[in-house]
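K.L.:
With the input below, show me the fold.
(chains A, B, C, D, E and F)
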6 protein chains.
Amino acid sequence: MRQDVRPIAPSVIDDAVLAALEEDGAYNDVTTLAVVHTGAWGRGTFLAKQEGVIAGLGVAAAAMTALSDEVSFDAAVQDGDCVSDGTELAEVEGPLPALLTSERVALNFLQRMSGVATLTRAYVEAVDGTDARILDTRKTTPGLRHFERYAVRVGGGHNHRFSLADAVLIKDNHIAAAWDHGAADLGEIIAQARARAPHTARIEIEVTTQEECQEAVAGGADIILLDNMPLEEVRACALAVAGGAVLEVSGGVTLENVGAIARAGVQFISVGRLTHSAPSIDISLRIGRV
Amino acid sequence: MRQDVRPIAPSVIDDAVLAALEEDGAYNDVTTLAVVHTGAWGRGTFLAKQEGVIAGLGVAAAAMTALSDEVSFDAAVQDGDCVSDGTELAEVEGPLPALLTSERVALNFLQRMSGVATLTRAYVEAVDGTDARILDTRKTTPGLRHFERYAVRVGGGHNHRFSLADAVLIKDNHIAAAWDHGAADLGEIIAQARARAPHTARIEIEVTTQEECQEAVAGGADIILLDNMPLEEVRACALAVAGGAVLEVSGGVTLENVGAIARAGVQFISVGRLTHSAPSIDISLRIGRV
Amino acid sequence: MRQDVRPIAPSVIDDAVLAALEEDGAYNDVTTLAVVHTGAWGRGTFLAKQEGVIAGLGVAAAAMTALSDEVSFDAAVQDGDCVSDGTELAEVEGPLPALLTSERVALNFLQRMSGVATLTRAYVEAVDGTDARILDTRKTTPGLRHFERYAVRVGGGHNHRFSLADAVLIKDNHIAAAWDHGAADLGEIIAQARARAPHTARIEIEVTTQEECQEAVAGGADIILLDNMPLEEVRACALAVAGGAVLEVSGGVTLENVGAIARAGVQFISVGRLTHSAPSIDISLRIGRV
Amino acid sequence: MRQDVRPIAPSVIDDAVLAALEEDGAYNDVTTLAVVHTGAWGRGTFLAKQEGVIAGLGVAAAAMTALSDEVSFDAAVQDGDCVSDGTELAEVEGPLPALLTSERVALNFLQRMSGVATLTRAYVEAVDGTDARILDTRKTTPGLRHFERYAVRVGGGHNHRFSLADAVLIKDNHIAAAWDHGAADLGEIIAQARARAPHTARIEIEVTTQEECQEAVAGGADIILLDNMPLEEVRACALAVAGGAVLEVSGGVTLENVGAIARAGVQFISVGRLTHSAPSIDISLRIGRV
Amino acid sequence: MRQDVRPIAPSVIDDAVLAALEEDGAYNDVTTLAVVHTGAWGRGTFLAKQEGVIAGLGVAAAAMTALSDEVSFDAAVQDGDCVSDGTELAEVEGPLPALLTSERVALNFLQRMSGVATLTRAYVEAVDGTDARILDTRKTTPGLRHFERYAVRVGGGHNHRFSLADAVLIKDNHIAAAWDHGAADLGEIIAQARARAPHTARIEIEVTTQEECQEAVAGGADIILLDNMPLEEVRACALAVAGGAVLEVSGGVTLENVGAIARAGVQFISVGRLTHSAPSIDISLRIGRV
Amino acid sequence: MRQDVRPIAPSVIDDAVLAALEEDGAYNDVTTLAVVHTGAWGRGTFLAKQEGVIAGLGVAAAAMTALSDEVSFDAAVQDGDCVSDGTELAEVEGPLPALLTSERVALNFLQRMSGVATLTRAYVEAVDGTDARILDTRKTTPGLRHFERYAVRVGGGHNHRFSLADAVLIKDNHIAAAWDHGAADLGEIIAQARARAPHTARIEIEVTTQEECQEAVAGGADIILLDNMPLEEVRACALAVAGGAVLEVSGGVTLENVGAIARAGVQFISVGRLTHSAPSIDISLRIGRV
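P.N.:
As a prediction, the model looks like this:
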């Protein structure tokens, strides 16, 4: 893994890998027990079967070595490397039953995380040359947020807030909730949030029109989330705000339009599909006796 | 949920939902705390934003009601229903903070599970009129196997084995492991498996050529997995086997070719992408005060 | 509990109470088993034995009712009420063994939390009439952060960040770490933090002299933590900053000097001893048969 | 740690330290991540900032080394040593991010445990020259009983029962419960307890007057707890009992009166404030790059 | 359950039952799913298939009702009742799949616990008319100590210490450990234990000869455990001790000799086989549709 | 352990051993703490006290080494060895307190598992010379299924299904449930199961008469469980089936009749008492100082 990408905490990896092995019945792999000699020794190779950005080698290593201290895992590439069909990713060696039993869990993590990293890389490259950063969202797979956020970082993206506990983002539903309650305008909502939220937090608020954007700027918002706004309006907002607040775009962002959005002059673009709809990368593990 | 689809065990749902809420910092939703009055009451509507097959309403209900006993969740459709853009899926009502805080977790489950059900339904409809069944695989998201397998069932698919512990499936790596060890042919491997595996298990074995298929039949395999085999060869195998063993196809199965594969005369077609690469279905939750 | 004080999540309370009961051997209370008839019914009264602010009635209720569904707990005061020696706080009634076995755990939470609320209230009253807010710190009892932060809120204080994950606070050790590494001044450190930290976070930095304070303001800090600074210097900083950044004071804050610090013109005063050194409030539970 | 003080079980320490690090968001220390280079190496020194008895170096070591195998922790003093302002307690060295992230958890344990040990030592020294032993009570912080009892031992005190499961102590509420039920006197209650309690347990009973004390002795109590009794009465009880039962004093014990109580001739003095109200000892950790 | 037998804590039962259901794959009962209609309703009867003392009806009820709120469990007998072949023990009614899936776990607990209660009852009846009490030991099934101790109580036996934490019992290995270290005789060991053990604990010590017994009495032991001693020697010890200490016998106790041991004048007889070797009682559950 | 017996997963052993040590109060062994010097070093020998087949040495080793890294455990025999009274099984050496504290947990596992292995071996030898295999059942001790199944393997037996999740076994209660529902005969039930069960599963069905057996064969059952059938009928079924289906016998199998049943021509004989009623083997651990 590259130096500058924050890793997943080892205990987080270990817990998830052990849970996945238990889920997969690794304690009682009836096929391996029936077919392979307990004392056999094996070697295997992880191979990319298509082009993509690799993420999760450390997780795969944890899975492959979880069942036996004698298994070694040697990565041939690093997380973040772009590989092509046929690239050898890693070699494993150790007791053959352990290799066979942990194969699927290792691949399930590695393929999914590489899928996220690959899609993220595509978005990042599409905004190359601009100041915009690609962000993930909270639309992650339940239980895998640490893993998918890491894959986003590996792909060159940045992380939005980890959870509800660590940032203030006033969304449409919050505004509706406050609005009905008598708040005259966004400024009042922002002021209330500023007074009641942790003093260490910036106030981010979602708007859907140029007028709301102006209202939010006037109300003192630190960050304005332009949600599902046509490109023209995004541009108008960026001109109008002119650095008075940080702008973030979300909703309907595709590989086709992300470059134009970035060039419209916003600092952040958050993309839910990085984590909720990235297809897995095809990777195989070939194992044999030695 | 329809009568004939086996549900997920309630304790499995509850554990996963609570873990997801904790992952998402639900104990300390600083935005809701800053903007919404603790005693406010709200109502919300889950709306489909695109066409698809719904799966996971029970999980969404568990998420929405987890933070307050006062929240009610009333489904307007059933798991398995095909809905279109704009269909109302469910109504929730209760303390507004609880609704706002649990929204994302409910949607993360519901959108992903509906994505799996929708893709599965497409495969199932593509083999309509044949005897072939669409199966899932163990290529599931770590930690979510119960949920994704349920979504496959909702979509009309069937489940392959849950884990390594409950079926014998001798794959390429097992054969390589056994082969090097001196087994003369697939028959010997099958015989050894039969002798050592639980007597309640059928023996399924993976083959990649017509010759291997014949060898497996001769060796007494109960089920033969034709892996990544051209359509022509699948047809030839089906003809040659002629009911002497159950046939399953896997590898490279797409919506385009799955019908032809089914008509080739195989009983089962397993599709990894049902669970590893199904895109989420877009669903929103609109919340307001009452 | 007053409407406007955010409660502790019920599941957090339940988990802590059950763990405490297990720690205290509640499954096998050999004294109660030896002396009291299993079927006896009892009633008890929680009484304040000294003046103080009550916090934790809900936790005490959870402890008293954890061992039997038949126990009722009726609070006579609310969290946040200031009580005096002899004030009745709550009545409990139910199976006598359950009351006797859970007594100590209920009191251990209630006395400690009331101690924190009482000390906090004293600090809050000492800054009455100023704009300054009293904050807690991360110097909490391991495992009880939710409970102690709640007690601070009950006492009228505000919460600083919950954990390392939800705010950027660059302390002396961070500066030393960055400094040696070649950062020319605080401005560079702040700029680096701004670039690498979540975009939703404000940047708070600790300084110990007036010069550093100026440097931090010039460097664009959002919040400046004046650590262990003499009152005169705090005043000078407040004058110099003049609203250009938020000021927070910490270190050596006592009930004697906190009013003067507040009047010096800072917005926040964080006090470690609220949670690390608040003495418990004496509370008793008198139980008898009915 | 001195040979003769029973340590805390390592697994108990590890579990508590990991839970505390999780509570403190150590998996996502946004400040350290933003300011400090991942590969930086650091060294730090734990320094006492006031006089006191140190307890918890092993727990601090566990916290400092929990995030990285490369961190070393070298204690310069032992648990039980009395240190003064400025004494160096320990040196740590390792990856700078790990040191910065675990600092607060290490200090939170060390400061609190040292506070308990320091207060205990004061009580122990106040009864120096007598046969009386200072005991803790069950008035411990929920979740930290192992840690606070250890700190009491380090301070020279002794432990009373760990939990309700391991000793018979008939307190006022038990007597009230039994009394109403028709027990004629304490002797009957003691006899019932002896018959029903585990045969391996001594019977301890709480009394509040000299008459009750006599009644308890006559009734065959092994240990008599004189609760909140004036010094004169304690003396009278000790004379009257004359070794016929073990005497323990509790309630209203202060550093001022504990010596006189001890000289009154009782064997045990239990002090709740050792654990429920001991202020933390001020200790700092200075960290820098190397 | 009879009033005077202390029950198992409900949370202990629930945790064990849920773990057992998970161990037994109750989340995925492939047979019931394949054969029985999801909506079917059923009724069942627990029947004793041999004579014995019933214990564990509450645990069986917890197992049968764990999978569905709609299951009712109505006991026809009570724990502690002696039943014969054919006695109806309980009726269950509810969703048929839930009944079928939880059957085995309910029976596994009920049969084993009834086996322990039955064997205990036999020992208790064999000492009828004497003052001796039958005790269990720590030779319990790992994980089931609460359950087996309860069954002993149901059978009329008494519980020895729950664990190492709640009584002092100096066994042969402890004496050997201390002896080699220079202790001159049992009296020295007892004195050391008295000084270092919790003051609430009696001191019990194991001896194997009459001489050691005398030494232990002289040394002030509260309880003396006569281990594997011939009946004649037990009698001699009882005469010699003459109430000076409590006597307990263990080792080689059978239904044949336990009466004579009791009449020899000892107060306690501890029997390992109550829990380590009691055969299960045969109980069946007949289920049908309604 | 012999090469060809599948071991228990190390994590399963570790979890169970740690839970058992906690259950036994190993964190606070008041006797050892009172009598034995913390720094003492000891050595001990596990000795068989009766003839039997040893199983569980690895579990005993895990228990003995769990409390200290300095404990060594050297087995003198292997799991599966038949030993006699006096055979030395293993030597342990290490800190004396650790040895004393973990002794009982190690023995509780080892004695129980050896009891299961010994009884299994007796059954296996009783069918020597036939093709029949001895199987365990799901009548295991809750929480110990992994351990008891391993002991069965060590004894030479084979494992039936691990849980409800991994095989289809249609028992009397299932048939009653289906029957009432309108299934005309066993063939219909079998057909329905085949259609709805996982395609990887064989269909096993329980019958109690020769007629039902014929019906099951005709209906296409893969395996037929002859439950509680007289020996004559078993013989008749075996003749009639003549290899058309696999036969398994259960119910009322004793060491006296198991040989005759095997010679009747059935392939499997399942014996519940292997796990629910095997008496423990007597094993001791003698410990001393070195």
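K.L.:
Next one: whichever residue of chain A sits closest to chain D, what pLDDT does it get?
P.N.:
Using C-beta to the nearest C-beta, the single residue of chain A nearest to chain D is A:Ala9, 4.5 Å away. (Each C-beta comes from the backbone N, C-alpha and C, glycine too.) A:Ala9 is assigned a predicted lDDT (pLDDT) of 88.
K.L.:
cool, and A:Gly182?
P.N.:
66.
K.L.:
do the same with the one 3 residues further on
P.N.:
At A:Asp185, the model reports a pLDDT of 88.
K.L.:
ok, the residue of chain A closest to chain D - contacts?
P.N.:
Counting by C-beta atoms under 8 Å, 6 or more residues apart in numbering or on different chains, A:Ala9 touches A:His146, D:Ala26, D:Tyr27, D:Leu67.
K.L.:
what sits against the last one?
P.N.:
Contact criterion C-beta under 8 Å, 6+ apart gives A:Ala9, D:Leu21, D:Ala26, D:Ala98, D:Thr101, D:Ser102 as the residues in contact with D:Leu67.
K.L.:
Identify the nearest residue to it in space, disregarding sequence-adjacent positions?
P.N.:
D:Ala98 (4.2 Å; C-beta to C-beta, 6 or more residues apart in numbering or on different chains).
K.L.:
before we move on, what about A:Gly219?
P.N.:
Nearest non-adjacent residue to A:Gly219 (C-beta to C-beta, 6+ apart): A:Gly187, at 3.0 Å.
K.L.:
What residues sit buried inside the one helix or strand the one you found maps to?
P.N.:
In the assignment (DSSP states H and E), A:Gly187 maps to helix A:186-196. Buried residues in helix A:186-196, defined by neighbour count with 16 or more other C-beta atoms under 10 Å in any protein chain shown: A:Leu186, A:Gly187, A:Ile189, A:Ile190, A:Gln192, A:Ala193, A:Arg194.
K.L.:
Return the residues of chain A in contact with chain C.
P.N.:
A:133, A:158-162, A:165-169, A:198-202, A:204, A:222-223, A:246, A:248, A:267-268 (C-beta under 8 Å from any C-beta of the partner chain).
K.L.:
Quick check: residues of chain A near chain F?
P.N.:
A:Leu18, A:Ala26, A:Tyr27, A:Asn28, A:Val30, A:Leu33, A:Thr38, A:Gly39, A:Leu67.
K.L.:
Next, the last one: secondary structure please.
P.N.:
If I follow you right, that is A:Leu67. Taken by DSSP: H, G, I helix; E, B strand; the rest coil, the conformation at A:Leu67 corresponds to coil.
K.L.:
if I look at it, how far off is A:Ala106?
P.N.:
Distance check for A:Leu67 against A:Ala106: by C-beta to C-beta, to the nearest Å, it reads 11 Å.
K.L.:
end to end, how far does stretch A:255-270 reach?
P.N.:
Stretch A:255-270 has an end-to-end distance of 12 Å (C-alpha to C-alpha, to the nearest Å).
K.L.:
Show me what the lowest-mean-pLDDT helix or strand in chain A is packed up against.
P.N.:
Ranked by mean pLDDT, DSSP states H and E, the helix or strand of chain A with the weakest confidence is helix A:172-179, at a mean of 89. Contacts defined by 3 or more C-beta pairs under 8 Å, 6 or more residues apart in numbering or on different chains; DSSP states H and E place helix A:172-179 against helix A:186-196, strand A:203-207, helix B:30-35, helix B:96-126, strand B:283-289.
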